[in-house]
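Kindly generate the corresponding structure for this input.
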Amino acid sequence: MAPLVYIMAILGCGDDGATCNRERIAPISYQSVAECQAAVPAMLARSTDLSYPVISASCERGTPQIADSRQRMRPAAS
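Numbers count the residues shown, from 1 in each chain. Here you go, the predicted structure:
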């Protein structure tokens, strides 16, 4: 069985915070949900380029394969 990892999805939301779209996956995987949640404030601070009234993040279970493919799909620098 593959080890469990967590990934952070960055979400762009409307004013009400209820309607959100997944905009990107953070380029780092985490060993625990607590480690992922601790990194949320810093990752949100780096996501100010998104054009939404509310930006949030969600820590989700992933697999090492998801984490590896995400590393290859890093967003282009602006």
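
did I read that right, residue 24 in a strand?
Yes. Residue 24: assigned to a strand according to DSSP: H, G, I helix; E, B strand; the rest coil.

Tell me the spacing between the residue nearest to it when sequence neighbours are not counted and residue 56.
Distances taken as C-beta to C-beta, 6 or more residues apart in numbering put residue 10 closest to residue 24, at 4.8 Å, once the chain neighbours are dropped. Just so you know, the C-beta spots here come from the backbone N, C-alpha and C atoms, and that holds for glycine as well. Distance, residue 10 to residue 56, by C-beta to C-beta, to the nearest Å: 8 Å.

Now list whatever residues contact both of these two.
By C-beta atoms under 8 Å, 6 or more residues apart in numbering, residue 10 and residue 56 have these common neighbours: residue 44.

Would you mind telling me which of those two has more residues around it?
Taking neighbours as other C-beta atoms under 10 Å, residue 10 and residue 56 compare with residue 10 leading, 22 against 15.

That's all I had, so thanks and see you.
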